[in-house]
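Asks: need a 3D model of the following:
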Amino acid sequence: VQLVESGGGSVQAGGSLRLSCVASGLFFSSTGVGWFRQAPGREREGVASMNGYGYTRYLDSVKGRFTISRDNAKNTLYLQMNSLNPEDTAVYYCAAQGRSLPSLERSDYHYWGQGTQVTVSS
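Replies: Predicted coordinates for the structure are as follows:
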C-alpha cells in the first residue's frame, strides 16, 4: 500500500489550499480514509475522514472550512482547506484503514503517507 500526498505549501491567513493523496495497493473505493495533522510539539490529530459510503466526520475546529472528498476512479483523496489560519499550520498526513469507518482515531488507520507541510502566516 502506498499513499502519496501533494498540495502543501505556504499561504497567508484567509487563504486556501487543496491537498491530494493518491493511493495504490488497496481497494480504495471501499476503504475508510482520512486526513490527519501534526504540529510541532503536539499529538497527531484527525482532521477529516470518509468511509466507503461517503459518510464524513470533521474535527470541530475545521468544520465549515475544510472539505474531504474522494475520486474513486482516480484512487485519490482530497482535502479542500479554506479560510486557513495560523493554527492550521502542521504536517498533514493522508491515511487509510483496513476497514470502512468514518473515524478520526489514529489507531483505526493502518496505512500512512509521508506527509506534506502546510504553513499559514498571519
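
Asks: backbone dihedrals for Gly8, please?
Replies: phi -70, psi 170 (degrees, to the nearest 10).

Asks: over to Val62?
Replies: Main-chain torsions, Val62, degrees, to the nearest 10: phi -110, psi 0.

Asks: pLDDT value on it, please?
Replies: On the pLDDT scale, Val62 is placed at 98.

Asks: what segments of this protein are strands?
Replies: Applying DSSP state E to the chain gives strands spanning 2-6, 9-12, 17-24, 33-38, 45-50, 56-58, 66-71, 76-81, 90-96, 111-112, 116-121.

Asks: check contacts around Leu26.
Replies: Contact partners of Leu26, counting by C-beta atoms under 8 Å, 6 or more residues apart in numbering, are Val1, Ala96, Tyr111. C-beta here means a position set from N, CA and C on the backbone, and glycine is covered the same way.

Asks: what's across from the last one in the sheet?
Replies: What it means is Tyr111. In this entry, Tyr111 is beta-bridged to Ala96, by DSSP bridges.

Asks: from Gly14, how far out is it?
Replies: 33 Å (C-beta to C-beta, to the nearest Å).

Asks: ok so, going back, so can I have JSON lines of the strands of the chain showing mean pLDDT and mean neighbour count?
Replies: Shown next, in JSON lines, are these (pLDDT from 0 to 100; neighbours: other C-beta atoms under 10 Å):
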{"stretch": "strand 2-6", "mean pLDDT": "96", "mean neighbour count": "17"}
{"stretch": "strand 9-12", "mean pLDDT": "98", "mean neighbour count": "13"}
{"stretch": "strand 17-24", "mean pLDDT": "97", "mean neighbour count": "19"}
{"stretch": "strand 33-38", "mean pLDDT": "98", "mean neighbour count": "24"}
{"stretch": "strand 45-50", "mean pLDDT": "98", "mean neighbour count": "22"}
{"stretch": "strand 56-58", "mean pLDDT": "97", "mean neighbour count": "17"}
{"stretch": "strand 66-71", "mean pLDDT": "97", "mean neighbour count": "18"}
{"stretch": "strand 76-81", "mean pLDDT": "98", "mean neighbour count": "22"}
{"stretch": "strand 90-96", "mean pLDDT": "98", "mean neighbour count": "23"}
{"stretch": "strand 111-112", "mean pLDDT": "96", "mean neighbour count": "16"}
{"stretch": "strand 116-121", "mean pLDDT": "98", "mean neighbour count": "17"}
